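A.B. asks: The following block contains a protein sequence and its predicted model.
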Amino acid sequence: MTDYFEYRHTVGFEETNLVGNVYYVNYLRWQGRCRELFLKEKAPAVLAEVQKDLKLFTLKVDCEFFSEITAFDELSIRMRLSELGQTQLEFSFDYVKVGEDGGEVLVARGRQRVACMRGPNTATVPSLIPDALARALEPYSAGIRTLAGQSAA
């Protein structure tokens, strides 16, 4: 078993500029897509809570580039839990280009900080990370940091 959740993606022409390089915003879109698919596949109970009053606010995202990618490159976006607190968590993302020969090259690395909130849009308050989400994240939590005084599991 791996310590990451994987989203496989083939880069399309619409994700590139005139020179053929991938637009920056697509790396961030892929982070969001990876997170969504994780919830769908591993924590569907959390999606039911989102339809009620749970909100998962993205507080911060970043991405650092090491190598260019172009249309029809095959990517493996690998999401890991890197930090866990009572109301916030942070994911790290490795963007790995997968060659036809099975070789892999790390082309970018990103992070995403998420806060759990509840309540109406006019009066949201911090909320504990839902138990269903914490359980779904357990296989991906080896070596994570915890916020001061909080345990990881």
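C.D. replies: All right, it came through fine. Numbers count the residues shown, from 1 in each chain.
A.B. asks: Isn't L128 up against Q86?
C.D. replies: Yes. L128 is within contact range of Q86, at 5.7 Å (criterion: Cβ atoms under 8 Å). (Each C-beta comes from the backbone N, C-alpha and C, glycine too.)
A.B. asks: what residues are shared contacts of these two?
C.D. replies: Here L128 and Q86 share no contacting residue, scored by Cβ atoms under 8 Å, 6 or more residues apart in numbering.
A.B. asks: Mind listing the residues bridging to the nearest residue to F93 once chain neighbours are set aside?
C.D. replies: Nearest in space to F93, with sequence neighbours left out and distances taken as Cβ to Cβ, 6 or more residues apart in numbering, is G110 at 4.2 Å. Counting by DSSP bridges, G110 is bridged to C63, F93.
A.B. asks: Lowest mean pLDDT among the helices and strands of this structure, which one is it?
C.D. replies: When each helix and strand of the chain is scored by mean pLDDT, DSSP states H and E, strand 145-146 comes last, with a mean of 66.
A.B. asks: Can you point out the buried residues in the lengthiest helix in the chain?
C.D. replies: Longest helix in the chain, counting residues (DSSP state H): helix 24-42. Buried residues in helix 24-42, defined by neighbour count with 16 or more other Cβ atoms under 10 Å: N26, Y27, L28, W30, Q31, C34, R35, F38, L39, K42.
A.B. asks: can you list these in JSON lines and add pLDDT and distance to E138?
C.D. replies: Below are these laid out as JSON lines (pLDDT from 0 to 100; distance: Cβ to Cβ, whole Å):
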{"residue": "N26", "pLDDT": "95", "distance to E138": "30"}
{"residue": "Y27", "pLDDT": "96", "distance to E138": "27"}
{"residue": "L28", "pLDDT": "96", "distance to E138": "26"}
{"residue": "W30", "pLDDT": "97", "distance to E138": "24"}
{"residue": "Q31", "pLDDT": "96", "distance to E138": "21"}
{"residue": "C34", "pLDDT": "97", "distance to E138": "18"}
{"residue": "R35", "pLDDT": "95", "distance to E138": "17"}
{"residue": "F38", "pLDDT": "96", "distance to E138": "13"}
{"residue": "L39", "pLDDT": "94", "distance to E138": "15"}
{"residue": "K42", "pLDDT": "95", "distance to E138": "10"}
